[in-house]
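In: next come a sequence and a model predicted from it.
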Amino acid sequence: MENRNNVTVFILLGLSHNKNIEIICFVLFLFCYIAIWMGNLLIMISITCSQLTEQPMYFFLNYLSLSDLCYTSTVTPKLLTDLLADRKSISYSNCMTQLFTTHLFGGIEIFILTGMAYDRYVAICKPLHYTIIMSRQRCNAIIIACCTGGFIHSASQFLLTIFLPFCGPNEIDHYFCDVYPLLKLACSNTHIIGLLVIANSGLIALVTFVVLMLSYFFILYTIRAYSAESRSKALSTCSSHVMVVVLFFAPALFVYIRPATTFPEDKVFALFYTIIAPMFNPLIYTLRNAEVKNALRKVWCRHTLLEGKSVF
């Protein structure tokens, strides 16, 4: 415990040491963060204020947008601040808090994506039983299970890290506090802890990704017998989800499925699942989904009309 307290502040090395590049990154990521908030809030308000909230797919999409906002907000504001700062520091307690919240909301997002895949599987492969299987009680239970799973995953990562002794170097070669960069700084043998991290983060990401791909394999197998129009509609809905899954899981698997080592490329890959994926999720789901676009039009056109009437 005494050794651990020798380091009270960590220095984040960030994305680059070049000030011009940092300014360019600041402008780019500020735009991304604003787009994330605007896009996800737009989806949440449109779904909540329309009949779409009664449908399980949009019920889950609403929570996915909320988890996107929470997840990216654990990392992006600090990144934006550090890009303009000369000294990129974070206290030990804030570092541990960031580690916990990042894995909490990241875990919730992974499990919600799995719940959405299950919803599409039931809708396409068991359409006659869909309303019974995907009742509101079942949907609420899935969301509770997602939050519980995210908490267990995050608490495991947190407990593996909180007891590590930090008594020497305090420079984290990353733009946020994550397990692997912290293991590199610990002044003790972290081989077993590294294996436990792989078993936790790596296997969760890998197993979830395999389950997601299997669900879409069964969906593709089932829609062979459908009419061309039904096939097109099913593929349109599922392709949006597959794009989101690949955008999120591919870089996450690269970082967490290997042994506990860090590469300079990790920071670039981390940008995909902490900033890029949350930004593209609203675009992917709205541009490729007619029901969401119609809901957006109805809700915001109605809002505009009401404002116009109140003026007169």
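Out: Nice, thanks for sending it over.

In: mind listing the strands for the stretch 51-200 of the chain?
Out: With strands called from DSSP state E, counting those that start in this stretch, the stretch 51-200 of the chain shows them at 89-91, 171-172.

In: tell me the buried residues in the first one?
Out: Residues of strand 89-91 classed as buried: I90 (neighbour count, 16 or more other CB atoms under 10 Å). (Each C-beta comes from the backbone N, C-alpha and C, glycine too.)

In: thinking again about what came up before, least reliable of the strands of the stretch 51-200 of the chain going by mean pLDDT?
Out: The minimum mean pLDDT among the strands of the stretch 51-200 of the chain belongs to strand 171-172 (a mean of 86).

In: so how far is that one from its chain's centroid?
Out: Between the centre of strand 171-172 and the centre of its chain there are 24 Å (CA atoms, centre = their mean, to the nearest Å).

In: that strand: partners in the sheet, and parallel or antiparallel?
Out: Strand 171-172 has its sheet partners listed here by DSSP bridges as strand 9-12 (parallel).

In: run the chain-centre distance for the partner strand.
Out: Its chain's average C-alpha position is 25 Å from that of strand 9-12, according to CA atoms, centre = their mean.

In: so for the helix or strand that comes right after it, mean pLDDT?
Out: Remark: after strand 9-12, the chain's next helix or strand is helix 19-48, criterion DSSP states H and E. Averaged over helix 19-48, pLDDT sits at 90.

In: distance of Q51 from K78?
Out: To K78, Q51 is 39 Å away according to CB to CB, to the nearest Å.

In: of those two, who's got more company?
Out: K78 (19 against 11; other CB atoms under 10 Å).

In: how about that one, nearest residue that isn't a chain neighbour?
Out: F176 (6.5 Å; CB to CB, 6 or more residues apart in numbering).

In: circling back to that earlier point, format the strands of the stretch 51-200 of the chain as a markdown table; extra columns: distance to H103.
Out: Converted to a markdown table, these look like this (distance: least, CB to CB, whole Å):
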| stretch | distance to H103 |
| --- | --- |
| strand 89-91 | 16 |
| strand 171-172 | 16 |
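
In: what's the closest of those strands to R297?
Out: When these are compared by CB to CB, strand 89-91 sits nearest R297, at 43.4 Å.

In: sweet, I'm off.
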